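*Asks:* The following block contains a protein sequence and its predicted model.
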Amino acid sequence: MDDVLTINEHLVIPLTEITFSTSRASGPGGQHVNKAETRVQLRWNPSHSAALTEPDRALVCGRLAARLTATGDIILACGSHRSQRRNRQACLDRLARLLRVALVPVPPRHKTRPTSGSREKRLQQKKQRSDTKQRRRKPTDDD
């Protein structure tokens with residue numbers, strides 16, 4: 001097993017920064033699940049990671065803010081497999097996938113203006129709606 005987690009060609013996280021803990025898992029395995037600790041919980045703190053550059057750190061912490069704990073950790077758990085090794089690998093794969101998505105830069109938005117045709121169409125729809133509501137009103141006596 002490697003001692004690093006490769007996210008992309010620019011980012012490699014050493015496994016020494018990632019903490020794993022195990023517990024008993026529910027799910028497939030029969031009596032095996034009552035005896036073996038196969039569920040794996042991964043904990044990683046992006047704000048203390050030496051692998052991230054400052055812009056990457058800001059991007060990850062900003063995009064994954066909803067997933068961060070009060071201490072700034074990302075916690076992932078996996079207990080879907082019968083073996084601890086496969087659950088550990090599944091956690092690492094999920095972390096890599098999360099970080100790949102978080103590190104994709106957002107393209108800058110270019111200001112656009114509505115076309116004259118779309119403005120005209122919007123005003124026409126407003127006029128039509130206004131006429132429809134006007135016809136629904138009760139007639140007044142002053143007409």
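*Replies:* Good, I have the coordinates.
*Asks:* Output the longest helix seen in the chain as PDB, restricted to C-alpha atoms.
*Replies:* Taking DSSP state H as the criterion, the chain has its longest helix at helix 116-136. What follows is helix 116-136 as a C-alpha-only set of coordinates in PDB (Å, rounded to 0.1, in the frame of the first residue of the first chain):
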ATOM      1  CA  SER A 116     -33.700  43.600 -27.400                       C
ATOM      2  CA  GLY A 117     -35.900  40.700 -28.600                       C
ATOM      3  CA  SER A 118     -36.000  39.100 -25.100                       C
ATOM      4  CA  ARG A 119     -36.900  42.500 -23.500                       C
ATOM      5  CA  GLU A 120     -39.700  43.000 -26.000                       C
ATOM      6  CA  LYS A 121     -41.000  39.500 -25.400                       C
ATOM      7  CA  ARG A 122     -41.000  40.000 -21.600                       C
ATOM      8  CA  LEU A 123     -42.900  43.300 -21.900                       C
ATOM      9  CA  GLN A 124     -45.400  41.700 -24.300                       C
ATOM     10  CA  GLN A 125     -46.000  38.900 -21.800                       C
ATOM     11  CA  LYS A 126     -46.500  41.400 -19.000                       C
ATOM     12  CA  LYS A 127     -49.000  43.300 -21.100                       C
ATOM     13  CA  GLN A 128     -50.900  40.100 -22.000                       C
ATOM     14  CA  ARG A 129     -51.000  39.100 -18.300                       C
ATOM     15  CA  SER A 130     -52.300  42.500 -17.300                       C
ATOM     16  CA  ASP A 131     -55.000  42.400 -20.000                       C
ATOM     17  CA  THR A 132     -56.100  38.900 -18.700                       C
ATOM     18  CA  LYS A 133     -56.400  40.200 -15.200                       C
ATOM     19  CA  GLN A 134     -58.200  43.400 -16.400                       C
ATOM     20  CA  ARG A 135     -60.900  41.300 -18.100                       C
ATOM     21  CA  ARG A 136     -61.500  39.300 -14.900                       C
END
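*Asks:* buried set for it?
*Replies:* When burial is assessed from 16 or more other CB atoms under 10 Å, helix 116-136 yields no buried residues. Just so you know, the C-beta spots here come from the backbone N, C-alpha and C atoms, and that holds for glycine as well.
*Asks:* what do you get for stretch 36-48?
*Replies:* So for stretch 36-48, counting by 16+ other CB under 10 Å, buried means Thr38, Arg39, Val40, Gln41, Leu42, Arg43, Trp44, Asn45, Pro46.
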